[in-house]
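Enquirer: Okay, predicted coordinates and the sequence, questions at the end:
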Amino acid sequence: MLIDLNNFTPYQSLGGGVIIGLAVSILLLFKGKVAGVSGILYQLLKPHTVQLGWRAAFILGLVISPFIWSLYAELPAIQVTASYPLLIVSGLLVGLGVSFANGCTSGHGICGMARLSKRSTIATSTFMASGFITVYFLRHVIGV
Amino acid sequence: MPSKTHSILGTSFSLISGVLFGIGLILAGMANPQKVLGFLDIAGSWDPSLGFVMAGALVVSGVGFYVAKQRKKTVFNEHIELSNVSSIDKRLVLGSLAFGCGWGFSGICPGAVLVLIGMGSNKGFIFFIALIAGFTIYELITKAKKNT
């Protein structure tokens, strides 16, 4: 294993994590809700949504966050390397997977783990392991 | 009982939380799918940054959840809703396996895609449409199961 020192950003990433933790705590202590993005989005898109307001506000906040950022600093470059067909398969798998598992990186990975939930710890270890294996296959076996 | 004003105030904090969440993702580098893939690629040249994001987020939200358990009510006197599901079953494991696989294909998760859309990324938008299609398929499967 080699550490990619050119791209490693320990301070920014730790700082970003702290801000995410603050966002989670604010939603919890000011609105009483758990910041699981997939669940909030799923419930928001249902035909008969209950509690539309806070869900729409949270999702809107995420979407406008790059705009708010751009008022103060230049946005960092983003690179999406996956091809369009791969993106479609990826989105479908993520949509189905998080629905069955009732949570994703935010709901299980951050909120659930922060509460020391055994269920979320198992979900997080499973999707992390699955992500590692998938990237290993794609990059080092198939060579995409 | 929380008043109507308090409920509206709570909703505006929900907007603030969403904005902060997105800014955290951008600063952490997690809105950049290539960086996420750099973390998932342990056999290549590995970028451990995502581990630092998790560490920072877990410590701070851990404090938040601890306070929430003590108070049981929000600042505006609304009920704090915590999941009471604790089952570890096939749904959880297979769902997480599928999610991890899809995540590894693109490096995009449901939080990051919303930030990507906000940046005007076409690829982010395509992923989003497929994500919603995935939600819909799940909805149809569960409905079909209920009817049989």
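Expert: Right, received. Where do you want to start?

Enquirer: Chain B: strands as residue ranges?
Expert: B:45-46 (DSSP state E).

Enquirer: Which element, helix or strand, includes the residue lying closest to B:Val93 once chain neighbours are set aside?
Expert: The spatially closest residue to B:Val93, leaving aside those adjacent along the chain, is A:Thr126, at 5.6 Å (Cβ to Cβ, 6 or more residues apart in numbering or on different chains). No exception for glycine: its C-beta is placed from N, CA and C like everyone else's. Using DSSP states H and E, A:Thr126 sits within helix A:118-136.

Enquirer: one step back: was I right about the residue nearest to B:Val93 contacting B:Ala98?
Expert: No: taking contacts as Cβ atoms under 8 Å, A:Thr126 lies outside contact range of B:Ala98: 9.8 Å.

Enquirer: one step back: how about the residue nearest to B:Val93, what does it touch?
Expert: With contacts defined as Cβ atoms under 8 Å, 6 or more residues apart in numbering or on different chains, the neighbours of A:Thr126 are B:Leu92, B:Val93, B:Ser96, B:Leu97, B:Gly100.

Enquirer: Can you tell me how far B:Asn77 is from A:Thr49?
Expert: Distance from B:Asn77 to A:Thr49, counting by Cβ to Cβ, to the nearest Å: 24 Å.

Enquirer: What of B:Gly44?
Expert: B:Gly44 is 42 Å from A:Thr49, by Cβ to Cβ.

Enquirer: low-scoring pLDDT stretches of chain A, where are they?
Expert: Across chain A, not a single residue meets the criterion (pLDDT under 70).

Enquirer: where exactly do the strands run in chain A?
Expert: Going by DSSP E, chain A shows strands at A:2-3.

Enquirer: Which residue ranges of chain A form helices?
Expert: Remark: helices assigned in chain A by DSSP state H are A:10-26, A:37-45, A:52-72, A:84-101, A:113-114, A:118-136.

Enquirer: Please state the backbone phi and psi of A:Val50?
Expert: Dihedral pair for A:Val50: phi -100, psi 160, per degrees, to the nearest 10.

Enquirer: residue contacts, the closest residue to it other than its chain neighbours?
Expert: Spatial nearest neighbour of A:Val50, excluding adjacent residues (Cβ to Cβ, 6+ apart): A:Gln43 at 7.9 Å. The neighbourhood of A:Gln43, defined by Cβ under 8 Å, 6+ apart, consists of A:Thr49, A:Val50, A:Gln51, A:Arg55.

Enquirer: The first one reaches A:Arg55, doesn't it?
Expert: Yes: look at A:Thr49 against A:Arg55 with Cβ under 8 Å: they come within range, at 7.1 Å.

Enquirer: Between these two, point out the one with more neighbours.
Expert: A:Arg55 (23 against 13; other Cβ atoms under 10 Å in any protein chain shown).

Enquirer: who's in contact with stretch A:131-144?
Expert: A:Leu86, B:Leu37, B:Leu40, B:Asp41, B:Ile42, B:Ala43, B:Gly44, B:Gly100, B:Cys101, B:Trp103, B:Gly104, B:Phe105.

Enquirer: again, but for stretch A:67-87
Expert: A:66, A:90, A:144, B:19, B:22-23, B:26, B:29, B:31-34, B:37, B:105-108, B:116, B:118-119, B:121, B:123-124, B:126-127, B:130.

Enquirer: For PyMOL, write a command that selects the buried ones of the residues you listed.
Expert: PyMOL command restricting the contacts of stretch A:67-87 to the buried ones, with burial defined by 16 or more other Cβ atoms under 10 Å in any protein chain shown:
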select buried, (chain A and resi 66+90) or (chain B and resi 19+22+23+26+29+31+32+33+34+37+105+106+107+108+116+118+119+121+123+124+126+127+130)
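
Enquirer: what's the spacing between the residue most central in space within chain A and B:Gly124?
Expert: Centroid-nearest residue in chain A: A:Thr105, 4.6 Å away (criterion: Cα atoms, centre = their mean). Distance, A:Thr105 to B:Gly124, by Cβ to Cβ: 16 Å.

Enquirer: Distance to B:Ala144 for the helices of chain A - can I get that in TSV?
Expert: What follows is those, written out as TSV (distance: least, Cβ to Cβ, whole Å):
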stretch	distance to B:Ala144
helix A:10-26	35
helix A:37-45	18
helix A:52-72	26
helix A:84-101	14
helix A:113-114	33
helix A:118-136	25
